[in-house]
Structures are given as structure tokens and as C-alpha cells.
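K.L.:
pasting a predicted model and its sequence here:
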Amino acid sequence: LNAYARQFVQPASRPDVDAIYGIPPTVAIEQRTSRGGRKSTVATLTEVYHFLRLLYVKLGTQHCPDCDVAIEPQSAASIAARIQHEHDGTRIMLLAPLVLARKGYYTDLAKWAAGRGFKHLRVDGELLPTKPWPRLNRFKEHTIELPVAQIAVQLPNDGSLQRNLERALDFGKGIVHVVALDGAKKRAQVFSTKRSCPSCGTSFAELDPRLFSFNSKHGWCESCFGTGATLADFDAEQTGEEASWRDADSDTALVCESCDGERLNPIARKVRFRDLPIAELTAQSVDAANGFFAKLKTTGREAAIGRDLLSEIRSRLSFLQRVGLGYLSLDRGAPTLSGGEAQRIRLAAQLGSNLQGVCYVLDEPSIGLHPRDNRI
């Protein structure tokens with residue numbers, strides 16, 4: 001108590017102890033009736049999906065969405081040959097990607113570019129001066145590219161395409177964007193020395209955890225915006241957490257034809273781990289998924305990268321089984337869960353994290369459960 005309050009309160013006597021040990025920090029889990037939005041699933045509510053996304057980024061094998069062929073590296077010479085073939089007789093701009101869909105001001109990046117003699121950076125498709133650098137919206141995702149060169153593509157060439165391409169690949173860490181300047185279309189083509197389809201030649205950006213998130217524009221199906229269903233009036237501006245969508249009948253919604261209910265875009269759906277796309281893995285029940293990861297053997301690089309990820313995934317799946325939810329599929333939508341299922345999933349999200357030395361206070365956790373489940 002402060003000095004003012006102490007004058008009105010009889011001070012308590014000093015307790016007859018020297019010290020008290022072993023009182024843990026306390027976390028209270030209150031009762032809530034809401035079960036989650038249209039984009040919430042059993043896997044996302046328990047955070048299993050967060051670790052699966054990282055697993056697919058680190059250890060997944062990407063395949064071309066058109067050819068279904070594994071993505072492989074390609075040489076700078078093969079990129080130059082393809083540019084020569086597709087853009088012969090036109091002017092192009094070679095750009096090195098520096099920032100891909102990230103928030104910030106990027107003042108230091110502009111200073112870095114200006115120090116190397118670059119007078120402009122291409123921000124979200126528009127050339128902006130490096131001096132003075134305009135103030136960007138820090139809460140908006142920006143894509144920033146370094147305009148390395150403008151070249152007239154023609155045969156026979158004088159070697160300028162190859163030289164500038166290698167320079168752009170160096171700045172872009174193996175990735176270059178190409179924009180045709182002669183046509184009205186200013187959308188950049190992506191070429192990569194690291195990730196390319198050996199069949200059709202299409203290049204792909206590095207895998208990103210956001211690619212596997214149906215809550216992100218980088219990962220969701222562009223037809224259903226990550227809901228997996230055809231919902232009237234649902235668009236990119238809505239999260240699915242709104243009461244009108246949480247309480248809507250899921251029974252009346254039709255499965256999205258573009259993604260077949262898998263919620264993700266074609267590129268994300270073609271990344272596989274042990275020959276399984278992430279949507280196919282999450283379509284399994286908790287019991288089946290736990291069996292898959294229990295039998296999974298990793299060695300060498302896979303073991304080093306996946307050790308902590310696999311430990312977290314197995315821990316959470318195991319706890320879901322222990323509270324009697326092994327029959328649920330990981331991609332089961334949150335609004336379709338019963339009250340008892342939603343309660344136990346919340347417990348699994350908290351207690352399945354293996355946090356040690358914490359006292360959890362549960363607010364009547366048996367509400368909504370069948371009597372036979374109380375013991376569990």
C-alpha cells in the first residue's frame with residue numbers, strides 16, 4: 001500500500017515465516033461459448049498448423065502446379081535464353097527483388113541503393129526516387145525491387161543481357177524479375193536460379209510460411225479467400241471471425257470448386273512432405289496424423305531441421321488424443337464443433353504446449369461434456 005492508504009489501514013503483522021517457495025505463476029482459462037471463425041480449424045486452434053507450415057517450408061518438396069514436376073535449380077544461361085526467346089525485339093527492365101510483401105519504411109534500404117548509384121527503387125510497381133526517399137506507409141506490405149538495367153533484347157546480342165542478368169541475380173540472391181516495357185502489361189515475370197520447373201520453365205519464389213496460411217492473401221485460394229466454401233458476399237476484407245459468418249449454417253455452403261475445399265492456392269497445394277500435400281495431411285484424423293508422425297523417421301539434415309518442429313507437433317496431437325478428440329480431422333472447421341469439443345480443444349491448445357511450472361485454473365471445464373468424458 002502507498003503511504004496515503006496506510007494511514008487508514010491497520011498494518012498486518014509480519015507472518016511467522018522466513019520465506020515461501022514453490023508458488024508457480026498462474027494462468028486462468030475462462031469459459032467462452034464462441035467456437036471460432038470460418039477460417040479456424042482444429043489444427044489452427046491447437047497451433048498444430050503453425051508448426052506444419054514451418055515443416056513444409058523447411059522440408060517440403062515443391063512441384064509445379066501445371067506440370068506436377070519437382071522444382072529444380074536452373075542456370076543463369078538458361079534464364080537468359082528464355083528471356084531472349086520470349087522478349088526478342090522488345091525492351092525489358094531487369095529488377096532484383098529486395099523486399100517481398102513486408103511492412104516498413106525502408107529508409108536504410110534507399111540509402112544503401114543510393115550509395116551504389118541507383119537513383120530509383122521500384123515500390124509496389126512504381127519507380128520512386130532514392131533521394132529524397134518518400135515516406136512509405138509502414139502498415140502496408142511493400143514489394144521493393146532494384147532496377148538494375150533496361151535492355152533492348154535482340155539477336156545477335158552483345159552480351160549485355162547476360163552481364164546485367166548476372167548482376168541482377170547477384171543483388172536478388174538468385175531471383176530476378178523481368179518487366180516488358182513496350183507493352184501495356186507491367187506485371188513482372190519471376191526467374192530463379194534456385195527454383196524452376198524443368199518441364200515448362202516457370203520459376204517460383206522461395207517458400208514462405210505465409211504461402212500455407214489460408215488467413216493470408218499469400219496463401220489462400222483466390223476464389224474462396226481461405227474458407228474452402230463458396231460463401232455469398234465473402235471477400236478479402238473479411239476475416240471469417242465476424243458473428244454473421246461464425247453463426248451461419250455451414251451445411252448450406254458449397255465446397256469451393258477452385259481448391260476443392262482445401263482453402264489454399266495451387267502453388268501451396270503442390271508442396272509435399274513424404275509425398276503428402278499439407279491439405280491431404282490435415283484432412284486426416286488426429287489419430288491417423290499422430291500415427292503418421294509417430295512412425296516418421298528422419299536422418300541427417302531432416303533430423304536437425306525437424307527435431308523441434310516434430311516434437312511440438314507430436315506433443316499437441318498426443319494431448320488431443322488424451323482428451324478424447326482423436327476422431328476429429330485436423331481440418332475440421334471450428335463452427336462445426338460441439339460445445340464439448342470446443343472446450344477440450346482449448347484445453348489442448350494450452351496444456352499441450354508442455355509448459356512447465358505453471359498453475360492452470362480452469363473455470364468449470366466439464367461444462368458441455370458428456371458424463372463419460374468428465375474423467376478424461
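P.N.:
Happy to help now that I have it. Numbers count the residues shown, from 1 in each chain.
K.L.:
which element is residue 162 on?
P.N.:
helix 160-171 (DSSP states H and E).
K.L.:
by contact count, what packs against that helix?
P.N.:
helix 76-87, strand 91-103, strand 141-152, strand 175-180 (3 or more CB pairs under 8 Å, 6 or more residues apart in numbering; DSSP states H and E). C-betas here are computed from N, CA, C, even on glycine.
K.L.:
looking at these, which is buried most?
P.N.:
strand 175-180 (a mean of 22; mean count of other CB atoms under 10 Å).
K.L.:
quick one: distance of it to the chain centre.
P.N.:
Strand 175-180 has its C-alpha centroid displaced from the chain centroid by 24 Å (CA atoms, centre = their mean, to the nearest Å).
K.L.:
send me that strand as CSV with only the CA atoms.
P.N.:
The C-alpha trace of strand 175-180 is given here as CSV (Å, rounded to 0.1, in the frame of the first residue of the first chain):
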residue,chain,number,x,y,z
ILE,A,175,15.9,-14.3,-58.2
VAL,A,176,15.3,-11.7,-61.0
HIS,A,177,12.1,-10.0,-62.1
VAL,A,178,11.6,-9.1,-65.7
VAL,A,179,9.1,-6.4,-66.9
ALA,A,180,8.4,-5.8,-70.6
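K.L.:
tell me which residues in the following helix or strand past it are buried?
P.N.:
Next in sequence after strand 175-180, counting helices and strands by DSSP H and E, comes strand 189-192. Neighbour-count burial for strand 189-192, counted by 16 or more other CB atoms under 10 Å, picks out 189, 190, 191, 192.
K.L.:
ok, back up a step: the helix holding residue 162: which residues count as buried?
P.N.:
Under 16+ other CB under 10 Å, the buried positions of helix 160-171 are 161, 162, 164, 165, 166, 167, 168, 169, 171.
K.L.:
and the residues you listed as TSV, adding pLDDT?
P.N.:
Below are those laid out as TSV (pLDDT from 0 to 100):
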residue	pLDDT
161	91
162	91
164	93
165	94
166	93
167	94
168	94
169	93
171	94
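K.L.:
return the member of those nearest to residue 309.
P.N.:
Sorting the buried residues of helix 160-171 by distance to residue 309 puts residue 169 at the head of the list, at 30.9 Å, by CB to CB.
K.L.:
I'd like to know how far the residue nearest to the closest one when sequence neighbours are not counted sits from residue 262.
P.N.:
Leaving aside its sequence neighbours, residue 169 sits nearest to residue 176 (CB to CB, 6 or more residues apart in numbering; 5.3 Å). Distance, residue 176 to residue 262, using CB to CB, to the nearest Å: 31 Å.
K.L.:
try residue 151
P.N.:
Going from residue 151 to residue 262 by CB to CB gives 41 Å.
K.L.:
picking that back up, do you know how far the residue nearest to residue 169 is from residue 344?
P.N.:
Applying CB to CB to residue 176 and residue 344 gives a distance of 50 Å.
K.L.:
same question for residue 86.
P.N.:
55 Å.
K.L.:
thinking again about what came up before, out of the buried residues of helix 160-171, who's nearest residue 55?
P.N.:
The shortest approach to residue 55 among the buried residues of helix 160-171 belongs to residue 169, at 28.9 Å (CB to CB).
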